[in-house]
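In: build me a structure from this.
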Amino acid sequence: MASEPSNQEPEDELRPEYDLAQLLAGGVRGKHAERYREGTNLVLLAPDVAQAFPTAEAVNEALRLVIRLGEIQRRTAS
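Out: Residues are numbered from 1 along each chain as shown. Have a look, this model is predicted:
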């Protein structure tokens, strides 16, 4: 038999010797934000581009083709 949801506050299980104010003091907002940004390559596509390339795989394939075409063009120009 499933128990009914209770409107009572859950019992605080934190031991009295743990002072949250002390444990959380000195926190720095955004401490790791720069390092996180360095590891991401998020790019927002314009709606018309997103419609033409609906998946990350499609975008990557098209960009690789552009890279290859640029390499070919540079080789023929030299």
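In: C-alpha only now, for contacts and for neighbours.
Out: Noted.
In: longest helix of the protein?
Out: For the chain, the helix that runs over the most residues, judged by DSSP state H, is helix 56-77.
In: in that helix, what counts as buried?
Out: Across helix 56-77, burial judged by 16 or more other Cα atoms under 10 Å covers V59.
In: list of residues touching that helix?
Out: F53 (Cα atoms under 8 Å, 6 or more residues apart in numbering).
In: any idea how far H32 lies from G39?
Out: Distance of H32 to G39, given as Cα to Cα, to the nearest Å: 11 Å.
In: pull up the overlap in contacts between those two.
Out: Joint contacts of H32 and G39 (Cα under 8 Å, 6+ apart) do not exist.
In: any idea how far the residue sitting nearest the centre point of the chain lies from R29?
Out: The residue lying closest to the centre of the chain (Cα atoms, centre = their mean) is T40, at 7.1 Å. Per Cα to Cα, T40 is found 19 Å from R29.
In: try Q51
Out: Using Cα to Cα, we find Q51 at a distance of 37 Å from R29.
In: look at those two and report which has more neighbours.
Out: Counted by other Cα atoms under 10 Å, Q51 and R29 do not tie: Q51 has more neighbours, with 10 against 7.
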